[in-house]
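Trainee: everything below, folded, please.
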Amino acid sequence: MKHIVRLGLCALWWTLALASTSFAQTFTATSPFSQYAYGLQGPGIVITNPVIINCDTTGDPFLNNLPAMGGFTAPPATLGGITGGTILTSGSLSNTNNSGGYGNGFPGNASLTSIVGVNTQNACELTFDFNASCDTVKVRYVFGSNEFQEFLAGPYEDVFAMFITGPGFAPNTNVALIPPPNGTLPVEVDNVFANPAQYVAGVPYDGHSVVLEALIDVVPCQNYTIKLIIADGTDSGVDSGVFIEPFSCGVEPPAIFARNINNPGSPEAVEACSDGYFTIKRFGDNAQPLPVNFTLFGTATNGADYNISLVSPAIIPAGQDSLNIPINVVADGLPEGTETVIMALDVLSCFGDTAVLTIRDPFVIDAGPDMSVCSGSLATLGSIPLPNVSYVWTPNIGMQGPLGSPNPTVQFLTNFPVPISYDVLGADVNGCFDRDTVVVTFVPLPQAVISAAASACLGDVVTVSFGAQQLAGAQYTWGFPGAASIIGSGAGPYQVTWNTPGVQTISLTVADGQCVNGPVTKSITIFPIPTSGFSVTPSVCAGSSAQVVYTGSASPASATFLWDFDGGIGTGGGLPFGVSWASPGVKTVTLTVIENGCISSQTSQQVTVLPIPSGTFTVQPSACTGEVVQITYTGTASPAAAFG
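Mentor: Numbering: from 1, shown residues only. Just a heads-up that it's a prediction; the model follows:
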């Protein structure tokens, strides 16, 4: 079938009327936001499978910005006769009264980008399936924008589209078009503003279209998918919005719908929470009363599981288009599972001549068991998520995830002194609520403190101990990699020696129940024992210097050298240096070295100090020629000395 979309231009009189009319619409914007899809379900239309894509349903409470979508009501003169429905915006509901915009950070939409030829941002998309019991579906809407007047004929092309997919339509055919005389153009700021017959200055927004109408030719009783999408063009700072009236059919046979008293879009009732009702709706002339015969059946029992006060036939009074038949659910407190009440009409409708009201047991929110959580660890609250239930957790102390998650996580990186009661409120699409509380105790981590000297000498016994108050029942796991000897147990103290110099690492992990702290580490430097070796001239004359040379391992720049020269006197500073003795004899030179607090063994060397020989002698004072003169050596040298 060739698809047909007929476009209408409605309520041209509104252009003048609005100029002196204050904008007084009101909004609702509460969870579940699927209700605003069901709010577009008008006469002869059944909506299913609503999906919200890239549409801000949170807003910014700190900036007093409402979400990007919701429901609205308005006086008849405000929106050209549209008195209520669903609104989608490219920012926030707060900005419909000529108040700029709100960049909510949501991405754009590729299909809208293709339509306007510029990048889009802050898209808000509502997608759902529908079928109709007629061959023509009427959709009326008003497109407004704060781009009007200030941002025209440029890249700021805020845009709205309705993409339909189904019998007779190519996938994603846009049926939101501006009608002649300007041709069938997409609904965007410049196209609306270009024709005075289609544009109204003033609130809502800086300006808006007159009521635009799409008449969509469909195959009755066949399923269609429609995407309602609005987005900012180029920038994200100035908002636009579209006010959409519920979809509707023309004349059709009476139809029946199962509804919930809190949410007419839901075909469910809930024990001890929400009764249900059936709506029998007629279309067309309502001048005469209309009797409609019906039959009740299903798994639920009248009088035991529910009560109904009306017997067949149901009569829709003259002047009324519908009749509501209450189904009062009996709250017996018994877990019965899902039960059904089915009402069948004796008329034909593409929705079938029956409607099913499902009776459910009350849902029960489970915040999860009370728990103890180690500080620094993540804990997951809640239990198995319930379908079609939204969650709100309070307070937000320690929350690491969204407060609307059925299973948020909590964490404290530092110790929190008191237990916290986390409350979760659950709400389902039927307007039913339940709440539960879980108490979380944040257990402080056990202390893990290592007490040990910063350094020690090779082979020293190092005392390593636990540097905090010990906990009864705690487990202490120590690590002494590279140690030659370890004596100790539990929290310690330990006696540890290392035979390898260098920086050694001590580790400790303390476990108190499920709370584990560590491993923490502490470094200790193991210094080598310096050596005290040296060389010295083995013999030297009294008064002369013997050379002393240090041959050990210590650094002359950092070590302390404890010399004993056995009465000798050192000369010259530093190493090597000279030592002299005034008196002869065997002298002992000793050395002890201290470096980094480590003391060497003592090294000793002997030096023979020789006396200085004297050159005195006696000689016969006179003698005759040819006589032998007697000369006698009277000095201190030994006979082995050299005389000359």
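
Trainee: could you find the closest non-adjacent residue to Arg360?
Mentor: Val270 (5.1 Å; C-beta to C-beta, 6 or more residues apart in numbering). Just so you know, the C-beta spots here come from the backbone N, C-alpha and C atoms, and that holds for glycine as well.

Trainee: so that neighbour sits right up against Leu357, yeah?
Mentor: No: Val270 is beyond contact range of Leu357, at 11.0 Å (criterion: C-beta atoms under 8 Å).

Trainee: quick one: contacts for the residue nearest to Arg360?
Mentor: Residues in contact with Val270 (C-beta atoms under 8 Å, 6 or more residues apart in numbering) are 260, 329, 359-363, 428, 430, 432.

Trainee: where does Val242 fall, secondary structure wise?
Mentor: Using DSSP states H and E, Val242 falls within strand 240-244.

Trainee: which strands or helices does that strand pack on?
Mentor: Applying 3 or more C-beta pairs under 8 Å, 6 or more residues apart in numbering; DSSP states H and E, we find strand 240-244 packed against strand 84-89, strand 136-145, strand 224-233.

Trainee: cutoff 6 Å now
Mentor: strand 84-89, strand 136-145 (3 or more C-beta pairs under 6 Å, 6 or more residues apart in numbering; DSSP states H and E).

Trainee: could you give the angle of the first one to strand 224-233?
Mentor: Between strand 84-89 and strand 224-233, the angle formed by their directions is 50 degrees, by axes from the mean of the first three to the mean of the last three C-alpha atoms, to 10 degrees.

Trainee: quick one: strands adjacent to strand 84-89?
Mentor: strand 69-73 (antiparallel), strand 240-244 (antiparallel) (DSSP bridges).

Trainee: mind putting these into JSON lines with distance to Ile45 and mean neighbour count?
Mentor: Below are those laid out as JSON lines (distance: least, C-beta to C-beta, whole Å; neighbours: other C-beta atoms under 10 Å):
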{"stretch": "strand 69-73", "distance to Ile45": "17", "mean neighbour count": "21"}
{"stretch": "strand 240-244", "distance to Ile45": "13", "mean neighbour count": "28"}
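
Trainee: can I get the ones you listed in TSV with mean pLDDT and distance to Ser451?
Mentor: Below are the strands paired with strand 84-89 laid out as TSV (pLDDT from 0 to 100; distance: least, C-beta to C-beta, whole Å):
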stretch	mean pLDDT	distance to Ser451
strand 69-73	96	62
strand 240-244	97	68
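
Trainee: now for those, which one comes closest to Phe480?
Mentor: With C-beta to C-beta, the closest approach to Phe480 among those belongs to strand 69-73: 64.2 Å.

Trainee: ok, and what's touching the closest one?
Mentor: Strand 69-73 has contacts (C-beta atoms under 6 Å, 6 or more residues apart in numbering) with 25-29, 36, 39, 55, 84, 86-88, 93, 124.

Trainee: ok, Ser485 - contacts?
Mentor: Listed by C-beta under 6 Å, 6+ apart, the contact set of Ser485 reads Thr497.

Trainee: go again using 10 Å as the cut-off
Mentor: By C-beta atoms under 10 Å, 6 or more residues apart in numbering, Ser485 lies in contact with 459, 461-462, 494-499.

Trainee: just the buried subset of these, please.
Mentor: For the contacts of Ser485, a burial check counting by 16 or more other C-beta atoms under 10 Å picks out 462, 494, 496-498.

Trainee: so which strand or helix has Val373?
Mentor: Assignment of secondary structure by DSSP H and E places Val373 within strand 371-374.

Trainee: average pLDDT across that strand?
Mentor: Averaged over strand 371-374, pLDDT sits at 88.

Trainee: pLDDT below threshold where in the stretch 451-600 of the chain?
Mentor: Along the stretch 451-600 of the chain, the parts satisfying pLDDT under 70 run over 572-574.

Trainee: which outside residues touch the helix or strand where Val192 lies?
Mentor: Element membership of Val192, judged by DSSP H and E, is helix 189-193. Contact partners of helix 189-193, identified using C-beta under 10 Å, 6+ apart, comprise 116, 143-149, 151-154, 156-160, 177-178, 182-183, 185-186, 198-201, 206-210, 212, 233, 238, 240.

Trainee: rewinding a little: of the contacts of Ser485, closest to Gly626?
Mentor: Gly626 lies nearest to Gly459 out of the contacts of Ser485, by C-beta to C-beta, at 83.0 Å.

Trainee: list the contacts of that closest one.
Mentor: The contact partners of Gly459, taken as C-beta under 10 Å, 6+ apart, are 484-485, 497-499, 526, 528-529, 598.

Trainee: could you check the pLDDT of Phe617?
Mentor: In this model, Phe617 is scored at 79, pLDDT.

Trainee: these two touch, right, it and Val629?
Mentor: No: in this structure, Phe617 is not within contact of Val629 by C-beta atoms under 10 Å, at 11.8 Å.

Trainee: residue ranges with poor pLDDT in the stretch 201-350 of the chain?
Mentor: In the stretch 201-350 of the chain (pLDDT under 70), the answer is 250-254, 284, 347-350.

Trainee: that older thread, the residue nearest to Arg360 pairs with what?
Mentor: Ser274, Arg360.

Trainee: who's in contact with the residue lying closest to Thr96 once chain neighbours are set aside?
Mentor: What sits nearest to Thr96 in space, not counting adjacent residues and going by C-beta to C-beta, 6+ apart, is Pro204, at 4.7 Å. Counting by C-beta under 10 Å, 6+ apart, Pro204 makes contact with 18, 23, 25, 72, 74, 78-79, 87, 95-98, 142, 144-146, 241, 243.

Trainee: out of the helices and strands packed on strand 240-244, which is closest to Gln411?
Mentor: Gln411 lies closest to strand 84-89 among the helices and strands packed on strand 240-244, at 35.5 Å (C-beta to C-beta).

Trainee: what is the next helix or strand after the closest one packed up against?
Mentor: Later in the chain than strand 84-89, the nearest helix or strand by DSSP H and E is helix 110-116. Here helix 110-116 touches strand 120-132, strand 159-166, strand 169-174, strand 185-188, helix 189-193, strand 224-233, going by 3 or more C-beta pairs under 10 Å, 6 or more residues apart in numbering; DSSP states H and E.
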